[in-house]
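> All I have is the shape, not the residue letters:
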């Protein structure tokens, strides 16, 4: 297995842990100094990220990583892809598509996610308004 495949494998394990609401698995996969910025600009450390994704009002159903590209530089790797997030909120089931970037680092316990960012949301062309600058249209 290549290093790129190893990174993609742990990124998919993180996505599966989100979908399962598995806080312990997320803790294993996220670096102790983990930071995340959501598509709304909200920022999280490891504890707040795990809490908001496993004990909050949002219930994850799945996250798929489309068109992944991994670039490795020594013991660091950057994953870029487009995610499809299937979640359930107080507003019912929703699916969001957006670009996502993650930084993974190799340490004694294996690859852990140090940081990530998702967004902006991608809307279907039928939802785009000409000249609209607030949302991203695919």
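Nice, thanks for sending it over. Nothing here was measured: the structure is a model prediction, and the numbers come from that model.

> Mind giving me the packing neighbours of the longest helix seen in the chain?
Identified as the longest helix of the chain according to DSSP state H is helix 3-20. Packing partners of helix 3-20 (3 or more CB pairs under 8 Å, 6 or more residues apart in numbering; DSSP states H and E): helix 23-29, strand 59-73, strand 76-89, strand 92-107, strand 110-118. Glycine gets a C-beta too; all of them are placed from N, C-alpha and C.

> Could you tell me which residues make contact with residue 33?
For residue 33, the contacting residues are 46, 114, by CB atoms under 8 Å, 6 or more residues apart in numbering.

> Go ahead and list the helix or strand containing it.
strand 30-37 (DSSP states H and E).

> for this protein, what are the low-confidence residue spans?
For the chain, residues meeting the criterion pLDDT under 70 lie at 124-138.

> returning to that earlier point: I'd like the next helix or strand past the strand holding residue 33.
Using DSSP H and E, the helix or strand that follows strand 30-37 in sequence is strand 43-45.
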